[in-house]
Structures are given as structure tokens and as C-alpha cells.
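Visitor: For reference, the sequence and a predicted model appear below.
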Protein chains: 2
Amino acid sequence: MTQENTVIKERLKKLRKAMSENGIDYYIMPTSDFHNSEYSADFFKVREYFCGFDGSNGTLVVSKNFAGMWTDGRYFIQAENQMKGTGVELFKMLNPGVPTIPEFLFDNMADGETLGFDGRVISTSVGENIENKLSGKFVKYKIDKDLADQVWTDRPKLPLNDMYVLSDELCGKSFKEKLSQVRIKMREYGTTAYLLSKLDDIMWLTNLRGSDVECNPVALSYAYITHDSFVLFVQEKEVTDEVREYCNRQGIELKDYNQLMEFIADVKIDGNVLCDKRNTNFLTYKTLLDKTAEAGVLLKNEKDPTEIMKAVKNDTELKNIREVYLRDSVALTRFIYWVKTNVGKIPMTEYTAAQKLDGMRAALPGFIELSFPTISAYKANAAMAHYEATKDNAAEVKADGMLLVDSGATYMGGTTDVTRTIVVGKISDEIKKHYTATVMGMLNLASSKFMEGCTGRNVDTFARMALWEMGIDYNHGTGHGIGYMLNVHEGPHSIRWRFSEGMQEAVLQPGMIVSDEPGVYIEGSHGIRIENIVEVVEREKNQYGRFLGFEHLTYAPIDLEAIDKQYMQPKDIEKLNNYHKMVFDKVSPFIEDEEILAWLKEATRAI
Amino acid sequence: MTQENTVIKERLKKLRKAMSENGIDYYIMPTSDFHNSEYSADFFKVREYFCGFDGSNGTLVVSKNFAGMWTDGRYFIQAENQMKGTGVELFKMLNPGVPTIPEFLFDNMADGETLGFDGRVISTSVGENIENKLSGKFVKYKIDKDLADQVWTDRPKLPLNDMYVLSDELCGKSFKEKLSQVRIKMREYGTTAYLLSKLDDIMWLTNLRGSDVECNPVALSYAYITHDSFVLFVQEKEVTDEVREYCNRQGIELKDYNQLMEFIADVKIDGNVLCDKRNTNFLTYKTLLDKTAEAGVLLKNEKDPTEIMKAVKNDTELKNIREVYLRDSVALTRFIYWVKTNVGKIPMTEYTAAQKLDGMRAALPGFIELSFPTISAYKANAAMAHYEATKDNAAEVKADGMLLVDSGATYMGGTTDVTRTIVVGKISDEIKKHYTATVMGMLNLASSKFMEGCTGRNVDTFARMALWEMGIDYNHGTGHGIGYMLNVHEGPHSIRWRFSEGMQEAVLQPGMIVSDEPGVYIEGSHGIRIENIVEVVEREKNQYGRFLGFEHLTYAPIDLEAIDKQYMQPKDIEKLNNYHKMVFDKVSPFIEDEEILAWLKEATRAI
């Protein structure tokens, strides 16, 4: 018999009491902060608090007599274990016969019942899906109820960390220049006001930074922009004197982060309002919708114009990024040397290897933080998509097979991301075949030339061709955009191939930077990923139009021990040799140690 | 001083009289039949009748004091010449400052005025664009006025050609099987009736054929489908005894082509109606919209389900197609031999060469008609996208340069399409470079392996890579679908790379056939296009999913005289040699003449 989890049961009991007091029959708790950030702070871990499951994806639904938690295939086992004895039912998403949450609510809610949630942690698309599904029912909504606040007595506070100002020299463009670009777009859309909720876009626009989201140098914030004002909503305690002075000088009016709703209620609206649904939470979007309808103007749902402006890096950003990537590449190169020369000789686990690399990065000038938790995965562990080694649960790295390391950091001057799969011992011919095809894919995309107008969907196949030829695919995108001293994952561009009806694509433009990371994952055996970051550049302009291509930003050796030339055409070999020549030319001036230099020479030799 | 074109002026005068009698202030005449077919019969050449311009694209707008004709860049010079002295103003589409027709109407029509046209020759998207643009104005519409009928006294009749029945054996699937598939889709869409206007889809569904559109074996028709009835609207005089008997047997109720509107007015509607806007003319769509609104049901605008069913060929169709393509390839191979051995020795023009090829096809068993007018273009003429040699205006083909021939036919058992560019004399190194890259592109796409889920946008770049590498592009799609004894151009799939917001894409599926036709066009110098038709096939199915690829349907030599190996990788050479080996193996059994056989052996040799 399963033992009861009385802690969770008690919490759910209190939640149901609060629901009843608030007239709520069904209450939804998803996994998100107010801005749909990649990582949520402890304050937002309401679902975990009420069911015990702490995976990165899950939504809890509670009614008087029912509690169910929806999560995806990565977490079925973990969720089952963590929710034992809680009485919370597990709903295995995408499994046959398992209803979605809107379908479940449709089947179970009675006419006249009330659905409640904190609309700040629900994305507008999710909220609208629920509304659409339930549209035939007479269901009432309470979308501004954060019941956890009433029940969770020792709830952590909202993250609260000092903001800081980046100089115009470092950003290449002042806040005022950026703002005038944004206002031009607002005019093009026929709008006089603009609510921006996307944290990295607000940081980019204001040249401010913060530390409220793990690995993302952003402050919790909103911005409300008109043609003659700029209001920034941030937590007052995060505003240092430097930030306050900067804002005064720039004409940025500061208001408290928690006053956005009151602000919207009171603000005078004299024209259409711009707001990108995709990046705005449901409560904010609905509130603006009501407000604009009341004022007799339109709420224009258009893409945040800041997104593409941020994605196309300016000359200063690019100059700094190139320098930062080179320094980061040198550190990685030293790390590869360290791994290869020490493996089998000193105690080494996935975790300690990651620590070594993290430390080497932290020692670099301008280091701010890791851009994501370093992935260090040995042998078969590298085949698991979401594998995470911890101090207490890490494989020993022995002189056999390979170690995959995916890592990066944010420095003053740029955010990096790179993956290398390092040979540490004997590997099979099959591994060499897979490794060679992965490298060919990475280099084939990086050296491709394509017409302006192409999106990631047109070029993704360049990275996959060699693998598809072998009947192998990797179940992830080939590339994502990367921020400038910002999030390691940013849009609007990406390199992916799959089509879905109504999807959005962004044309690749010079100045964008993007990852190029094909891989091979063989369950129970090995995982390979080779990731360089590349910059989109113009290659040629003629009567046909403009041809674009990529330049490498990452310069670290690719392991020749895993290359099997029989799978390569002369052109493929040439690409690899050219890349390695560049690696040596760029990296060697930073290496003083003769031994490492000799190794690098050998590791980047022409084959 | 320009001489007056009194004929056109007189016609316009009569048109204006008819407009005035019908209370119409502005009248629009586009270029289309009632089904937006690729070619319009003489009956539909109203625009030409009233302005003199006979190009393939143009729209005439007439008011009391104005007449203007809109056409695209291909036709600016021709239109200016043909409309001299008519008083009709030329509007150069897409030129800066030139309004579109909706913009022009918006700027010029006064409140209360009436816009008229024959809504059967206006596509729904064009009609809706006009309505949207004019929505702020108080403009009235008369969308059912074919004024030409009142003015054009010696107007040609509607095409009137006997229909015929294809056997179930030839089609691989009976009408009833297809109909039950369609009815399943109707149910999925929650509809009880379905109006189908797309001619090739109606032919595919009924296993009937006709000859009412040039090069398209289709009869002018509509189909109205319910769960227990099938009404086919065709011209009564086209219905032979065989067709009538077949329809009786199949439960196809025949009604006259011209009675569709009356039928819709009278029909009892007991549920939602399916109708694909894209393929339905504006008058029909609006009439259905009114009818369904009146009946309190929905008009569901969904893709015609027939389109994808028709695109994925069944086993019988594929078997027949393979045979027909081989016979067609043998004819083309003989033609290439004939051109190469006779050029410079006998009189030969682009036109006579095309006639020779057309004659060779006509002599094949089961020949029905050409699938499009053969394109035969010598040297620089091949660089012009819409070049058409005529008897009186054709270049002499000399023993110098190249002849591009794009051609095909419909036979009992399939419709073909193929392009070869034939070396007939000296060619430059630059031409060889371009030719080699074009061939590499064609073979690279044809031999590619890709995951199920790819659309043409993912694989188009395989055909362009080698050219893009050289800074060259071709300004047309790489591939289109092809009908089975039907139109040489059919959807929904295609191979194109360009992205546009909201575009439709179709996933490539085994059984689809598609063209693979990269090219190089250098103005004033030369034009190259190499086109094979390929069949989508399954290559491998494993834990990653299903991998697809292509098999050639076209087997005709690629001119080795224009191949320069220095631009090829070993793998490219292997692909070409493999293809040529297949060509020889497939074609040689059909060649008895020793001389031709010896030539073929040499023309398909490994390099």
C-alpha cells in the first residue's frame, strides 16, 4: 500500500478551502513566470508546492474532488514517483486517449461553474485555447486569482537583484536611438501606445540588465511606450542609484513592477495600442483588450518590433561578440586539452569536468554568469536529451568513449554557446561514422551560400543531408538565435525544417547570429553534438540578388580522432582543413604553453 | 500622330452603351475562364476584344470616360503596340507609383457608383480584395453581368468537345471508391454538401475526360456532391452515349453546365457546405455564401480534398506512368540524336525542330495531345522566360551553341514533361560551368534522401546549392506536380524555396510525382534547363521515422559535351554515371538502329 503524502494532502486541502472562499470550482497551476521565461524562480513553483512534482514542465488542475497533473514523456516516471500518495492523478500528455486540459475541463465542468487561475502565469495562447474549447459552455472565469499567495505561507519572495546599466559604447546604440526605431514601427502599425512584456527585449531596448531569471541577465519588468513617454515597471528595490540616475537622464519614468494593472486601468488611451499576444500573459492581454474596447480603439496584435531589431546585431555588438567568442573558444580549447591529457589519470566525473570548464570561463575577464547550466554527458548519457549530471549523480569519465560538453557564458561583450564531443578513449567505427557525418553537417551549413529571403527552413537540411543519407536524424532544431549579453536562446529566427500550418518564420539577415548544432543520439550507446555559433554575412550581390553565408564565431578543434575520411568528399575534407587552419591561426596566439601549442598544432592538422 | 484604332473605339462605345443600360459605372474584364484554367478559350477573350492586347495576362477596366489595361513586365512593349490608337491607357503593374486595380477604383469611384463584372471570370481572392479595398465607400456591385454577350456579336462559342470515359483499369480506382473517400472527408469537415469547381479534380474523381481547355484533357464542369447524390454540370452536347450510359450506371446525375446558378438557388440545403475558395469563382462563391447564410448553415472554406487524393498516384497510375515516361524518353532520345546529327546539314529552325519532336510523340501509341506547347529556344532565346517560337518567327538552329527543348504530351496512361538543353556546336567554358552546375543540381535533388514531413521548401535548395555556390540563381520554382492524363501543372505540392507569410505547403508523400528542373539564364547569351520528372518513394523506415527519396521517371541522356568535371566532386560524377547507366539500360532495348545505339552508348558513357 502506498503511504499517504500528508504534506501535499494538507496543502491541497488548504487550496480547496481558498478556492471555495473565492468561488472557484476548478483551479489551474502551470509552470511559468509572468513572462514565459525559460527558467522560473522559486516564487513561481506553485505546481511543485501543491503536487510534489518538480520537473520543468507540468500543469496541475484541482477541483473539489479531483487533482490531476499533466506532463510530457520525459517526466512520466519521475512524476509518478514524486506524486506517490498525494492522490494527484498523472495525465500523460500526447498518450492515446489522454485528454488535453481544455478537453478535460470541457468534459468535466458543469454549466455555471467557475474556472480560476493566475492569468499572469498563463500564456495568451493557452488562455484562448481554454476559452475556445469551453465557448459552448456557460463557464465563468476568475483569471486574476493567485491563490498560492493565500495558502503558501513560507512562499519564497519574487527574485530581487540589483539592475545595472550598460554603456552606450558597449551596446553600440543608445536607448534613444533604439526607442526612435521602435516609435517608427509603432507609427507604421498605426498605434500610439505599445505594451512590451518580453524581458530580453526590454533589456535590449533600455540598455539595462538584471539577474532575476536563472542564466538570463534580465530584470522582471514591463514597458509602456507612447510617442512622448516611456514607463518602465520594475521592482523598486532593484533600482540602484546608477540605474535611477540613468533613467532620469533618458526620460525613463520608473513605476513599480506590481502596479502595471492599476496603471492600465488609469491610463488615458488616445489611439490604437500595440501588443504582441505571443509575448504577453493572458491577464495583461485581456485587461488591455477590455481597456482598448472601452476606449473605442484597437488592440493591434503584431510581432514585437524589438525582437527583430535585437536579433540583427549592430557593428559594435558584432565586434565585441567576435572577441568574446574567441576568448571563450580559447578557454574551451584549453579544456579539451585538459580533458584529453588528464582522463584516466586523475579522478574525473561529468560534474567535475563541467566544474573545471565553468571555472576556466569564470576566470575570463568580463565573466558575468553561465548562459545555461553546463551539460556534461559521458558515453550513453550523451544520448539522453535532458540529461543533467549533478554532484551526487554523475558518471565517472574514464579513458574510453567520448564526453559531450555543451556550455557557454555571458560576458561583458557577449553571450556564448558551444558544444564539443571529445574523444577520451577507444571508440567504434560506427561512432566515427556518426561523428564524421555530424561534423560534415555542421561545416556544410556553416559554409553554405544562399539567397537573401531564405529562412531557417530552407537551410536546415544542409546540416542534416549527410546524416539523412545514412538514415539518421536528430530530434531537435539545428539552430537558435543568441542574445548579446542576454538569453542564450532568442528569436525570431531559428534553423529548423519541420512545417506546421500557420507557423512563423524569419528571414535570415546579415548581423544575425545563430547556432549550428547537428547531432547523433544512439540510445544506450553514444551521443554526439558539434555546435558552432555562426554570424550571417553578405557574400555577394549581383543581378540575381544578394547571396548570404555564415562566418564562424566559434574556434575550437573538432576531434580528428573521430573522423573517418572514407565518408567525406574532397570538398568536405577541404572544409574541415580550412576550419582547423582558422582555429589554429586564431587560438594559437593566446596559448603560451609549448605543450598545449604542440597539441593544438596536431589537433588542427590538415588531414 | 498615332492613327486611331476605330475598330476598338467602336467596340468600347458599344460596351459603354451596354454599361449605361445596365446601370454600371465601372466594368472589369480580366483574363480567365470560369475555372481559372491555365489557358482560356476564345470565348473568354473579352479583354482582347475590347482593347486589342492579346498577351496571356491583362485586365481591362472601363468607365464612361476612361479605359485602362493592367499587365505585367513581360508585356509592356507588346501591349503598348497593340493598344496604339485605342485610347486605352496602359498600367504597368508593379512599377513604382502605378496603382493596383483596387487602388485605382478606390481613388476614382464616387460614392453611389456601381462596379460591374462577370463574377464567373473573377477569382474569389481578387473579388474579395476589391471588396475589402472599397469597403469604406458606398459602392454598389453587379457581379453577374457578362456584357460582352450583349456587345460581341460574332463571339466564339464556349468550347464544345466530346467527353470520354476512362476505364477503371486505366485509372486504378473506380469513381465510387474515390467518391466514398471524398464523402469521408466531407464528414470530417462536418458538411453534407460539397461544391467542386476545379476541372482536373472533377475529371480525376469521375474518371471522365474532355478537351475544352488547350492542352488540358478536361471538360468545362462543376460537381455538387452530397452523401447520397452526385450532380455533374456539363454541356449537354459533350455527353456522348458512352458517357451518358457510364453516368447512369455510376449514379451521376447530369445537369447542364449553365444551370449551376439556378440549381444553387433551388437546392435544399440541410447542413454545412464545403467549398474551396481558392478554386471557386467569385459569383459562385458569393451565391453559395448567401444561400448557406439564408439556410442558417456554414459555408466551410477548406482545401478541396480531391487535390491531395489526385496528387498521390495509385499503383496502377504509377505503373502506367512509368511505362509512358519510358516511351516518351525514348522518343526524346531519338530526337536529341536527330538534332545533333542533322544540325548544320538540313534546314532547321526552333519551330521545325519542335514540329519534329511533336510528330515523334504523336506517332507513339496512346498519344492524345501535347501537355503544353513545346518550347524550343536557340542560344540567347533560351534565356527568355516566356519565349515562344512560331512558324513565322523562329530562329534558325545552326551548328553552334545549344538548343533548349521543354516538351511533353498526354497519352493513354500518363502526362509527361521534360527539358533537355542540347549542344549543337561550340560552347564556351562558362556555358559548361553553368551546365555542369545545373546537372549537379538536378541530380542532387533527385538522389536526395529526406525525412517524411519535408515539403518542397525543405528540398528545393538541394537543386540550387551548386548554382548558389557560383552566385547564380534561377527565378522560377524547381518543381511542380503533374497530373495523370491531366494537367501538366497540378498541386498541392511543389518544390520552391521562397517564404511568404501565410503560404500553403504540402508535405511530400510517396506516390506523388514532381518535376526537378533547375536552370541558368544569361540574358543575351544562353539559357540552360534540365528537367526530369521524379516519383517520391520510401527509402527507409527506422526508429527516426520514414525517409523518402525520388526515383527518376525520365530517362534521356544529359549532354556530356557540356559537362566540365572540374566542378564536380567524385559523388557528383558517380550520380551522373549511375543515371546514364540507367538511361542506357532502360532506353537501349527500344532502339534498333545500330547507329543510334552506338551514339547512345557514347552519350551515356561513364566519365
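Guide: Perfect, I can see it now. Residues are numbered from 1 along each chain as shown, chains lettered A, B, ... in the order given.
Visitor: So which bits of chain A are right by chain B?
Guide: A:448-451, A:453-455, A:457-462, A:464-465, A:468-469, A:471-473, A:475, A:497-499, A:502, A:505, A:507, A:539-540, A:542, A:544-545, A:547, A:569-571 (CB under 8 Å from any CB of the partner chain). Heads up, the C-betas are built off the backbone N, CA and C, glycines and all.
Visitor: how about low-confidence regions in chain A?
Guide: For chain A, the stretches with pLDDT under 70 are A:1.
Visitor: Which SSE is immediately downstream of the helix ranked longest in it?
Guide: Longest helix in chain A by number of residues (criterion: DSSP state H): helix A:315-342. Per DSSP states H and E, helix A:315-342 leads on to helix A:350-362 as the next helix or strand towards the C-terminus.
Visitor: Mark out where each domain of chain A begins and ends.
Guide: Chain A breaks down by automatic domain parsing into domains covering A:6-151, A:164-309, A:312-603.
Visitor: hey, where'd the strands end up in the stretch 101-250 of chain A?
Guide: Residue ranges of the strands in the stretch 101-250 of chain A, as given by DSSP state E, counting those that start in this stretch, are A:114-117, A:140-142, A:164-165, A:193-196, A:208-209, A:221-226, A:230-234.
Visitor: do the stretch 351-500 of chain A as well
Guide: A:367-370, A:375-378, A:402-407, A:409-411, A:414-415, A:418-423, A:450-451, A:479-481, A:490-495.
Visitor: Residue nearest the middle of chain A, spatially speaking?
Guide: Centroid-nearest residue in chain A: A:His489, 3.9 Å away (criterion: CA atoms, centre = their mean).
Visitor: how far away is the residue nearest to that residue when sequence neighbours are not counted from chain B?
Guide: Distances taken as CB to CB, 6 or more residues apart in numbering or on different chains place A:His480 nearest to A:His489, at 5.0 Å, with adjacent residues excluded. A:His480 is 18 Å from chain B, where distance means CB to the nearest CB, to the nearest Å.
Visitor: so how far is A:Gly491 from A:His480?
Guide: Distance, A:His480 to A:Gly491, by CB to CB, to the nearest Å: 8 Å.
Visitor: Likewise for A:Leu199?
Guide: Counting by CB to CB - A:Leu199 and A:Gly491 are separated by 13 Å.
Visitor: These two: which has the busier surroundings?
Guide: Applying other CB atoms under 10 Å in any protein chain shown to A:Leu199 and A:Gly491 shows that A:Leu199 carries more neighbours, namely 26 against 20.
Visitor: Am I right that that one is in contact with A:Val218?
Guide: Yes: the pair A:Leu199 and A:Val218 passes the contact test of CB atoms under 8 Å, sitting 4.0 Å apart.
Visitor: Residues that sit against both of these two, list them.
Guide: Counting by CB atoms under 8 Å, 6 or more residues apart in numbering or on different chains, the contacts common to A:Leu199 and A:Val218 are A:Ser37.
Visitor: Tell me the bridge partners for A:Asp516.
Guide: A:Asn532 (DSSP bridges).
Visitor: ignore the last one, A:Leu208
Guide: A:Val165.
Visitor: returning to that earlier point: name the residues of the longest helix of chain A that come out as buried.
Guide: A:316-318, A:320-322, A:324-340, A:342 (16 or more other CB atoms under 10 Å in any protein chain shown).
Visitor: what is the orientation angle of that helix with strand A:402-407?
Guide: 150 degrees (axes from the mean of the first three to the mean of the last three CA atoms, to 10 degrees).
Visitor: For the residue of the stretch 301-450 of chain A found nearest chain B, which residues are in contact?
Guide: In the stretch 301-450 of chain A, the residue that lies nearest chain B is A:Lys449 (5.0 Å; CB to the nearest CB). If a contact means CB under 8 Å, 6+ apart, then A:Lys449 has A:539-540, A:547-549, B:468-469, B:471 as its contacts.
Visitor: switch to 10 Å and redo it
Guide: A:539-540, A:547-550, B:464-465, B:467-471 (CB atoms under 10 Å, 6 or more residues apart in numbering or on different chains).
Visitor: Next, format these as TSV and append neighbour count.
Guide: What follows is the contacts of A:Lys449, written out as TSV (neighbours: other CB atoms under 10 Å in any protein chain shown):
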residue	neighbour count
A:Arg539	19
A:Glu540	14
A:Phe547	21
A:Leu548	25
A:Gly549	20
A:Phe550	25
B:Arg464	24
B:Met465	22
B:Leu467	21
B:Trp468	23
B:Glu469	19
B:Met470	16
B:Gly471	16
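Visitor: Now render the residues you listed as CSV, adding distance to A:Gly359.
Guide: Output for the contacts of A:Lys449, formatted as CSV (distance: CB to CB, whole Å):
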residue, distance to A:Gly359
A:Arg539, 39
A:Glu540, 43
A:Phe547, 42
A:Leu548, 38
A:Gly549, 36
A:Phe550, 31
B:Arg464, 46
B:Met465, 43
B:Leu467, 49
B:Trp468, 44
B:Glu469, 43
B:Met470, 48
B:Gly471, 46
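Visitor: which one among those gets closest to A:Lys178?
Guide: For these, the closest approach to A:Lys178 (CB to CB) belongs to A:Leu548, at 24.4 Å.
Visitor: Okay, and the beta partners of the closest one?
Guide: A:Phe450, A:Glu538.
Visitor: Skip the chain neighbours and tell me the closest residue to A:Met93.
Guide: A:Asp72 (4.8 Å).
Visitor: follow-up on the earlier one: the residue nearest to the centre of chain A and chain B: what is the separation?
Guide: Taking CB to the nearest CB, one finds A:His489 at 22 Å from chain B.
Visitor: for that residue, what are its contacts?
Guide: Counted by CB under 10 Å, 6+ apart, A:His489 has contacts A:38, A:200, A:215-216, A:371-372, A:415, A:417, A:480-483, A:515.
Visitor: and those, which are buried?
Guide: By 16+ other CB under 10 Å, these give A:200, A:215-216, A:371-372, A:415, A:417, A:480-483, A:515 as buried.
Visitor: With distance to A:Phe44 added, can I get the residues you listed in a markdown table?
Guide: Formatted as a markdown table, the buried ones among the contacts of A:His489 follow (distance: CB to CB, whole Å):
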| residue | distance to A:Phe44 |
| --- | --- |
| A:Asp200 | 18 |
| A:Cys215 | 15 |
| A:Asn216 | 14 |
| A:Ser371 | 21 |
| A:Phe372 | 18 |
| A:Thr415 | 23 |
| A:Asp417 | 25 |
| A:His480 | 23 |
| A:Gly481 | 25 |
| A:Ile482 | 25 |
| A:Gly483 | 22 |
| A:Ser515 | 27 |
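Visitor: B:Thr206: which of those residues is nearest?
Guide: A:His480 (49.8 Å).
Visitor: Quick check: the closest one touching A:Asp460?
Guide: No: counting by CB atoms under 10 Å, A:His480 stays clear of A:Asp460, with 11.8 Å between them.
Visitor: overlap in contacts of these two?
Guide: A:494-496.
Visitor: any idea which of the residues you listed is the one closest to B:Val424?
Guide: Distances from B:Val424 to the shared contacts of A:His480 and A:Asp460, taken by CB to CB, are shortest for A:Ile495, at 44.0 Å.
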